[in-house]
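# dropping the sequence and predicted coords here.
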Amino acid sequence: MAKEHLVIATRGSALALAQANLVLAACRSALPDTEFELRIIKTTGDKLQAESSAEVDLPKGLFTKELEVALLKGEADLAVHSLKDLPTELPEGLSLGAITEREDVRDVFIYRSADGLKLQGLADLRKGFVVATSSPRRQSQVQFRNPGVQAVPIRGNVPTRLQKLATQRDIGGLILAAAGLKRLGYAFGADGELAGRDVPAGLSSFVVPLEDILPCVGQGALGLEVRAGDARTAPVCRALNHPETECCALAERAFLRAMGGGCQTPVAALAELAGGNIRLRAVSFEFEQPTHADLRGARSDFDRLGAEAAGLLKRR
């Protein structure tokens, strides 16, 4: 009897491949009698990003469309996404089959220690310090914590951004997700040392506490998108899904859906399990003053909790 054969679709960026290979290894370990193949698909977002010199981020849907078309056509069976990149509304016929265990949800601040700086937090940034980030969520929270800081956009993969920081004197620091850095093999210690492939000399870092910057919805988790009701991929989804991360991430996605936002909306949310319940913290910078929510509820109430948090932020 022939083995079941399943195709895993992924983008071709270094981070996407690192994440897809993590999923591939987990699939092979959990289901050794199934053959898995990795298929790289170039998306519209990848093409536009390569062709454009503008320092702008593209809508996340542009980085998922071609993978979703491959699923619907039967050319792939699972698509691996950074959950933060996956829109809350999926195309008809597709579903979020599994959410993997979360990596570190925090952000990392990287700066030029070669300038004689020794920074330990956002409060240490002097007036006029320029932070490179294309995320409205990060920009809003950094400037809320330290109003004297300036923010400018930046694009490119991690080595490119690190090189820009090391060589361009018009920026003093940048912010990246800890999860992505770790999956790419970078390490950042309590002493501020930043280590990894292609790290220029003279750079140091500190991990930003959640009290200063809440992450974007789904940060640190991977989402497996599949055809709705597909029995062939159901065993994979059961094996790779992490229930604790799932209920938290779904609460965050319910919040974002109710806010009507996406990656370019200045909102953030983090759900965590506490004593068997969910604690959901959220913030929005869509209005003149930032609005906050800090709610608790049963694990099974993730949809209601997310919608309730959004309702609170919209009313304030």
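Sure, I can see it.

# OK, contacts around S82?
Counting by C-beta atoms under 8 Å, 6 or more residues apart in numbering, S82 touches L15, A16, Q19, G180, G218, L222, G223. To be clear about C-beta, it is placed using only N, CA and C from the backbone, and glycine gets the same treatment.

# filter those down to just the ones in strands.
L222, G223 (DSSP state E).

# let me know the closest of the contacts of S82 to F302.
Set against F302, the nearest of those by C-beta to C-beta is G218 (12.9 Å).

# in this structure that closest one contacts L250, no?
No - the pair formed by G218 and L250 falls short of the contact definition of C-beta atoms under 8 Å, at 9.5 Å.

# and the two? Which one has more around it.
Of the pair G218 and L250, G218 is the one with more neighbours under other C-beta atoms under 10 Å, namely 26 against 21.

# for the more buried one, what are its contacts?
S82, L83, K84, L86, A249, E252, R253.

# mean confidence for the helix or strand harbouring S205?
Taking DSSP states H and E as the definition, one finds S205 inside strand 203-208. Averaging pLDDT along strand 203-208 yields 94.

# so which of the contacts of G218 wins on neighbours?
In terms of neighbours by other C-beta under 10 Å, the contacts of G218 top out with E252 at 30 neighbours.

# and whatever helix or strand it lives in, what does it pack onto?
Using DSSP H and E, E252 falls within helix 243-259. In terms of contacts (3 or more C-beta pairs under 8 Å, 6 or more residues apart in numbering; DSSP states H and E), helix 243-259 is packed against strand 94-99, strand 267-274, strand 277-284, helix 302-315.

# okay, E37 and Q143: tell me how far apart.
46 Å (C-beta to C-beta, to the nearest Å).

# rewinding a little: next one: the helix holding E252 to chain centre, how far?
13 Å (C-alpha atoms, centre = their mean, to the nearest Å).

# got the CA coordinates for that helix in PDB?
C-alpha atoms of helix 243-259 as PDB (Å, rounded to 0.1, in the frame of the first residue of the first chain):
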ATOM      1  CA  PRO A 243      -4.300  23.800  22.400                       C
ATOM      2  CA  GLU A 244      -3.000  26.300  24.900                       C
ATOM      3  CA  THR A 245      -1.600  28.500  22.100                       C
ATOM      4  CA  GLU A 246      -4.600  27.900  20.000                       C
ATOM      5  CA  CYS A 247      -7.200  29.400  22.500                       C
ATOM      6  CA  CYS A 248      -5.000  32.400  23.200                       C
ATOM      7  CA  ALA A 249      -4.300  33.100  19.500                       C
ATOM      8  CA  LEU A 250      -7.900  32.700  18.600                       C
ATOM      9  CA  ALA A 251      -8.900  35.300  21.300                       C
ATOM     10  CA  GLU A 252      -6.400  37.700  19.800                       C
ATOM     11  CA  ARG A 253      -7.700  37.100  16.300                       C
ATOM     12  CA  ALA A 254     -11.200  37.600  17.500                       C
ATOM     13  CA  PHE A 255     -10.100  41.000  18.900                       C
ATOM     14  CA  LEU A 256      -8.400  42.000  15.600                       C
ATOM     15  CA  ARG A 257     -11.400  40.900  13.600                       C
ATOM     16  CA  ALA A 258     -13.800  42.900  15.800                       C
ATOM     17  CA  MET A 259     -11.500  45.900  15.500                       C
END
